[in-house]
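> My questions are about this predicted structure, shown below with the sequence.
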Amino acid sequence: MRIDDNSAQNLEFYIGDGSNYHYCTKPHGMTAGNWYHVAGSYDGSTFNLYVNGKNIGSCSDVFTPNWGTQTLGIGGAAEYWGGVIDSLRVWGRALTPSEIMSNYNAGNVELQTRVGSDTSPDDGSWEAWRPVTNETVIDNLDNPLDIATPS
């Protein structure tokens, strides 16, 4: 999986057959500086590419996946993926569209805050989280030793 090296507007998913690479390229619609859930699947005849759980396109190609002695590459050179990979999963089968959407939803945590004039539960409405102090980061919950301190 990579962002194309020409226009940076396409998502590319590659699979080898032992001697050649087969791939699917589709416009991704992503904007730099935002987090996205990206997935690719191949079921033996069709590549499917997903961004945030939604299929952005497919390509037909029949071949037998075989990496031979090649290793699985994740991330690669910066020109192919100029960003951060937070979590990675690899399956030995093609996931269904609903499984991909479920995986996207499982990691899609939206932080909200209640706004209103008092502390009663029915006062105000919900809106997207934003800092109310000088704090500009959310604590890293993956590593309990890496806690952000408010400024």
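Structure received.
> secondary structure class for residue 56?
Assigned with DSSP: H, G, I helix; E, B strand; the rest coil, residue 56 falls in the strand class.
> Ignore what I typed, I meant residue 100.
Once three-state DSSP is applied, residue 100 turns out helix.
> With the one 5 residues further on instead?
Reducing the assignment to helix, strand or coil with three-state DSSP, the entry for residue 105 is helix.
> Tell me where the model's unsure across the protein.
Residue ranges of the chain with pLDDT under 70: 5, 73-82, 108-115, 119-151.
> Do a quick rundown of the strands in it.
Per DSSP state E, the chain carries strands over the ranges 2-3, 10-16, 21-27, 38-42, 46-51, 54-60, 112-115, 125-128.
> do you know which of those strands lies nearest residue 85?
Ranking these by proximity to residue 85 (Cβ to Cβ) places strand 38-42 first, at 9.3 Å. Bear in mind the C-beta positions are built from the backbone N, C-alpha and C, glycine included.
> how many neighbours does residue 38 have?
By other Cβ atoms under 10 Å, the residues close to residue 38 number 19.
> Quick check: beta-bridge partners of it?
Note on residue 38: beta-bridge partners by DSSP bridges are residue 51.
> thought it was touching residue 51?
Yes - Residue 38 is within contact range of residue 51, at 5.8 Å (criterion: Cβ atoms under 8 Å).
> Tell me the residues that contact both of those two, please.
Counting by Cβ atoms under 8 Å, 6 or more residues apart in numbering, the residues touching both residue 38 and residue 51 are 11, 28.
> Alright, calling it a day.
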